[in-house]
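Peer 1: Structure, please.
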Amino acid sequence: MPESQAGPAAVGPDPARRRRLGAGLLADVSPLREHPSFRRLWVGETVSSLGSQITATTVLLQVFAITGSSWQVGLVGVVGLVPLVVGGLFGGAVVDAVDRRRLAMITSTLLAVVSALFLLLSATGAVDTVAWPLFCLIAVQSALLAVDQPARRAMAPNLVPPESLPAASALSQIGGMAAAVGGPLIASLALTLGGFSVAYAVDLATFAAPLYGLARLPAMPPLGGGRVAGVASVVEGLRFLRGQPVLLMTFVVDIIAMVFGMPRALFPELAETRFGGGSATAGVMYSAVAVGSLLAAGLSRPLGGLGRQGLAVVVSIALWGGAIAAFGLVHDIVLGAALLAVAGAADMVSAILRIAILNVSTPDEMRGRLQGVFLIVVTGGPRLGDLEAGGAAAAVSPVFSVVSGGLACIGALAVATAAVPALIRYDARAAVARARARAGPAPGSQN
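Peer 2: Numbers count the residues shown, from 1 in each chain. Okay, the predicted model is just below:
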């Protein structure tokens, strides 16, 4: 073609084509645009997560200010973990027994009361010299979260059609990551401006958004009317999970990834001994994982069209393990941060797809209990990973711990998927068709 006839297209890529390609990668926001009820739930949950991160950061700093003990700061996580794990099982049973919207309003109100007590204790000076009241409030807060989070997550699949669940999962992950990044920053700013009381006051103010959003939702009782919460209900949920190899494997592979491949407990030591830095270098490593996760969530639109979602989960976790193992071998912090960002992106892809599989494959009457198990896995897995990484580092070396952990992740993943191949055979399109036939129209999806 003569140059005179080639036109602008011969000079470079078509700008419209570039825009279309970009739009094809950016996170699908159609659930927010097309389903107002989901939008209200999402906004409320994101703001609520922001407030939770503000308080979580503030409590750690306040406990250290009171005690001067890193051990007691670490104890905060243990105190919060026990009621969260226990409550995850029984809280899920409660979620499957009552109107989830009403339950979430009750738990949100009680969580606001807990935040008000944090504020009161700090403003009156009651915890200037003793930290045990803060530990008590942390335990109560964790028990309430064990009910509140499964209730919110069990509502979301009823507010969008099944084929939109990957996009809804990605949006939830974006909201959570934004809160995880923004919460500590806001807490630091509040502490600088006015101290612990101001930070807790900001958290308390954030409860207006989730309460308003929940008030605007329709009633959300479990399909079939639910069943009485109790031990029998918990056992029924676990028995259901045992009979669902795809669902069970989504939990197993995540535990493998977090227990063997999560080296975050070693970042401070690696910053000094491997990269010749200090706390700032450790901060770069922590941030790199979060940046990778946020980028993957922001470019997650193609995930909605995947049919072999289970296979994609397995590939993502293998990539996570490989990136972590490679990170353990490098000496340059820039390359190390890039590998951690890759690992964070792979973990986010896995999380988005695992949540979508969970929501599509679980009947509504079981969602609370399965969300409770999910909460236990995503909360307990990283903490067990901290223990494994620290133990291997103490026994041999931090580098051995990171490299062997990443390789063990890949090896355990291969063994698990070979033993139970149902996950890699999972067909998302067939699962969506079954979910549609099972549930019928999504209540509240058009509100």
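Peer 1: what is the mean pLDDT for whatever helix or strand Leu191 lives in?
Peer 2: Assigned by DSSP states H and E, Leu191 belongs to helix 165-194. In this model, helix 165-194 has a mean pLDDT of 84.
Peer 1: Run the chain-centre distance for the following helix or strand past it.
Peer 2: Reading on from helix 165-194 to the C-terminus, the next helix or strand found by DSSP H and E is helix 196-206. Relative to its chain's centre, helix 196-206 lies at 23 Å (Cα atoms, centre = their mean, to the nearest Å).
Peer 1: what does stretch 39-47 give?
Peer 2: Per Cα atoms, centre = their mean, the centroid offset for stretch 39-47 relative to its chain is 15 Å.
Peer 1: Same check on stretch 166-185?
Peer 2: 8 Å.
Peer 1: tell me which residues in that stretch are buried?
Peer 2: For stretch 166-185, the neighbour count (16 or more other Cβ atoms under 10 Å) marks 166-181, 183-184 as buried. For the C-beta atoms, the positions are set from N, CA and C on the backbone; glycine is no exception.
Peer 1: Check stretch 85-93 too.
Peer 2: For stretch 85-93, by 16+ other Cβ under 10 Å, it's Val85, Gly87, Gly88, Leu89, Phe90, Gly91, Gly92, Ala93.
Peer 1: Can you dump the C-alpha atoms of that stretch in CSV for me?
Peer 2: Output of stretch 85-93 as CSV, limited to C-alpha atoms (Å, rounded to 0.1, in the frame of the first residue of the first chain):
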residue,chain,number,x,y,z
VAL,A,85,-11.2,-19.5,64.4
VAL,A,86,-13.8,-20.8,66.8
GLY,A,87,-16.3,-18.2,65.8
GLY,A,88,-15.7,-18.9,62.1
LEU,A,89,-17.3,-22.4,62.5
PHE,A,90,-20.2,-21.4,64.8
GLY,A,91,-20.6,-18.0,63.3
GLY,A,92,-21.1,-19.5,59.9
ALA,A,93,-23.8,-21.8,61.3
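Peer 1: Rounded mean pLDDT for that stretch, please.
Peer 2: 81.
Peer 1: Same question for stretch 389-401.
Peer 2: In this model, stretch 389-401 has a mean pLDDT of 87.
Peer 1: what does it rub up against?
Peer 2: With contact meaning Cβ atoms under 8 Å, 6 or more residues apart in numbering, stretch 389-401 is reached by 262-266, 269-270, 273-274, 328-329, 402, 404-405.
Peer 1: Ends of it, what's the gap?
Peer 2: Stretch 389-401 has an end-to-end distance of 6 Å (criterion: Cα to Cα, to the nearest Å).
Peer 1: Please state the offset of that stretch from the chain centre?
Peer 2: For stretch 389-401, the distance to the chain centre is 26 Å (Cα atoms, centre = their mean).
Peer 1: buried ones in that stretch?
Peer 2: Ala389, Gly390, Ala392, Ala393, Ser397, Pro398, Val399, Ser401.
Peer 1: now swap in stretch 349-366 and tell me
Peer 2: For stretch 349-366, burial by neighbour count (16+ other Cβ under 10 Å) applies to 349-362, 364-366.
Peer 1: Also stretch 62-73?
Peer 2: Gln62, Val63, Ile66, Gln72, Val73.
Peer 1: what does stretch 333-350 give?
Peer 2: Buried residues in stretch 333-350 (16+ other Cβ under 10 Å): 333, 336-350.
Peer 1: Can you name the residues in contact with that stretch?
Peer 2: For stretch 333-350, using Cβ under 8 Å, 6+ apart, the contacting residues are 173, 177, 253-254, 257, 261, 275, 277, 281, 284-285, 288-297, 300, 303, 312-313, 316-317, 319-320, 323-324, 326-327, 330.
Peer 1: Going through those, which ones are buried?
Peer 2: Using 16+ other Cβ under 10 Å, the buried ones in the contacts of stretch 333-350 are 173, 177, 253-254, 257, 261, 275, 277, 281, 284-285, 288-294, 296-297, 300, 303, 312-313, 316-317, 319-320, 323-324, 326-327.
Peer 1: So, low pLDDT: which residues of the stretch 1-150 of the chain?
Peer 2: 1-24, 70-71, 74 (pLDDT under 70).
Peer 1: in it, which spans are helices?
Peer 2: With DSSP state H, counting those that start in this stretch, the ranges of helices along the stretch 1-150 of the chain come out as 3-6, 15-23, 30-34, 36-67, 70-95, 100-123, 132-155.
Peer 1: among those helices, which is nearest Gly195?
Peer 2: helix 100-123 (7.5 Å; Cβ to Cβ).
Peer 1: That closest one versus helix 36-67: what angle between them?
Peer 2: Orientation of helix 100-123 against helix 36-67 (axes from the mean of the first three to the mean of the last three Cα atoms, to 10 degrees) gives an angle of 30 degrees.
Peer 1: Around Asp332, how many other residues sit close by?
Peer 2: Asp332: 10 surrounding residues under other Cβ atoms under 10 Å.
Peer 1: Next one: it relative to Ala346, how far apart?
Peer 2: Taking Cβ to Cβ, to the nearest Å as the measure, Asp332 falls 21 Å from Ala346.
Peer 1: can you check Phe196 too?
Peer 2: 37 Å.
Peer 1: Ok, Thr57 next?
Peer 2: Thr57 sits 26 Å away from Ala346, going by Cβ to Cβ.
Peer 1: now do Arg152
Peer 2: Arg152 is 26 Å from Ala346, by Cβ to Cβ.
Peer 1: where does the stretch 201-350 of the chain dip in pLDDT?
Peer 2: Those would be 224-230, 279, if you go by pLDDT under 70 across the stretch 201-350 of the chain.
Peer 1: Which residue ranges of it form helices?
Peer 2: 208-215, 231-242, 245-261, 267-273, 279-298, 309-327, 333-361.
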